[in-house]
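*Asks:* for reference, the sequence and a predicted model appear below.
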Amino acid sequence: MGEESEFQSTLASLQEKVNQLLETHLDKQIEKGAGEVAVESKRVVMAGGKRLRPVIMILAYQACGGKIDDDILPLAIAFELIHAATLVHDDIYDDAEKRRGVETIHSAKGLAKGVIAGDWLFVQGFGLGGKYQEEIVDLVSEYCSNIAQSEFLQLDRVMDLKTSPEDYLSIVIGKTAGPFAAACKAAAILAETSIEQQIQMETFGKEIGIAFQLVDDLLDIRGDERMGKPRGADIHEGKMTLPLIHSLTLSHGERRTKLAHLIEHFEDRYFDEFIALLNASDSLNYTEILIQNHIERAKNAILSLPQNKATEILIWLTDFLKYREV
């Protein structure tokens, strides 16, 4: 229990450090005269969040033997600002009025300003990340390009009942797992580890990212205040998440027809019936099994690394991701 308490304390300390650095950076932009776009961006960025990407990135750097945290911190903040940019744009696509309990920028200030704020946050991220060596800049550029490609694919698959598990995985790897993988690999590069260790850290990030998205899929269906959005938001938006794809694949005849109808004409009053159909195909349990599989793959990817406190925290953190308790 003492070790777990120590890990939680370290995690909280890193989260606080990231929050402080984010706030300092955004305040500096406001002081320099960036105006309303910086004020609005700060409002949504500082509204909350676990800061998992930068925290995992810092821990990955330490796990790979990185000694000077000041070397990794600007890059970690860059990744979080880019992530924030994608959320601002996602909220526009999804026509979301709130995120983490605060009004979205496009809802408060209009569509055009929402788009511009997202662009501004991307620029802030690249401004910090662009100061690193070419290999890392290329890595960041590639993962941002993959996000855009995956967004296009996801938009094409909205309410597409023929979406395959392969389509789903491609979207997840580009949108969610890719940033985690790039963050961990960039940390390993900065720590000057071997190519083999860089690949291991990249695999760790990818597997964590896939598990993270699968947990999101389940929380959206089951409902959880930590999501910062109402239960079933993905279904209302027509997003084809894995439980839906799995259930559609295994359901036949009248049951599949009914499930397809509920997805296409979803209302909250249909939720119990919808859950019953997912349970009939064991789709929620299947998703839980996949989450555990990806978590185990993530842990296996870093077990061969030199074991230190940061490695231990990453392994502990990986187990807790499925509960979103960190």
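*Replies:* Cool, got the structure.

*Asks:* can you give me the helices in the stretch 101-250 of the chain?
*Replies:* 105-109, 111-129, 134-156, 165-172, 178-190, 195-222, 233-236, 242-250 (DSSP state H, counting those that start in this stretch).

*Asks:* report the separation between the nearest residue to residue 96 once chain neighbours are set aside and residue 97.
*Replies:* Leaving out its chain neighbours, the residue that sits closest to residue 96 by Cβ to Cβ, 6 or more residues apart in numbering is residue 104, at 5.5 Å. No exception for glycine: its C-beta is placed from N, CA and C like everyone else's. Distance, residue 104 to residue 97, by Cβ to Cβ, to the nearest Å: 6 Å.

*Asks:* ok, these two, which is more surrounded?
*Replies:* residue 104 (24 against 12; other Cβ atoms under 10 Å).

*Asks:* ok, now which ones touch that one?
*Replies:* 44, 88, 91-92, 96-98, 114 (Cβ atoms under 8 Å, 6 or more residues apart in numbering).

*Asks:* tell me which of those fall in strands.
*Replies:* Per DSSP state E, strands hold the following members of those: residue 98.

*Asks:* just the buried residues of the contacts of residue 104.
*Replies:* Among the contacts of residue 104, those scoring as buried are 44, 88, 91-92, 96, 114 (criterion: 16 or more other Cβ atoms under 10 Å).

*Asks:* can you put these in JSON lines and add pLDDT?
*Replies:* Listed next are the buried ones among the contacts of residue 104 as JSON lines, based on pLDDT from 0 to 100:
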{"residue": "44", "pLDDT": "97"}
{"residue": "88", "pLDDT": "97"}
{"residue": "91", "pLDDT": "94"}
{"residue": "92", "pLDDT": "94"}
{"residue": "96", "pLDDT": "89"}
{"residue": "114", "pLDDT": "97"}
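
*Asks:* ok, which pair from those residues is furthest apart?
*Replies:* 44 and 92 (12.1 Å; Cβ to Cβ).

*Asks:* related to what we said a few turns ago, in helices only, show me the buried ones among the contacts of residue 104.
*Replies:* 44, 88, 91-92, 114 (DSSP state H).

*Asks:* what is the nearest of the residues you listed to residue 136?
*Replies:* residue 88 (23.8 Å).

*Asks:* how close does that closest one get to residue 82?
*Replies:* Distance, residue 88 to residue 82, using Cβ to Cβ: 11 Å.

*Asks:* list residues touching both of these two?
*Replies:* residue 121.

*Asks:* for the residue lying closest to residue 121 once chain neighbours are set aside, what are its contacts?
*Replies:* For residue 121, ignoring the flanking residues on the chain, the nearest one in space by Cβ to Cβ, 6+ apart is residue 85 at 3.6 Å. Residues near residue 85 by Cβ under 8 Å, 6+ apart: 118-122, 125.

*Asks:* redo that, cut-off 10 Å
*Replies:* 41, 45, 117-126, 144, 147 (Cβ atoms under 10 Å, 6 or more residues apart in numbering).
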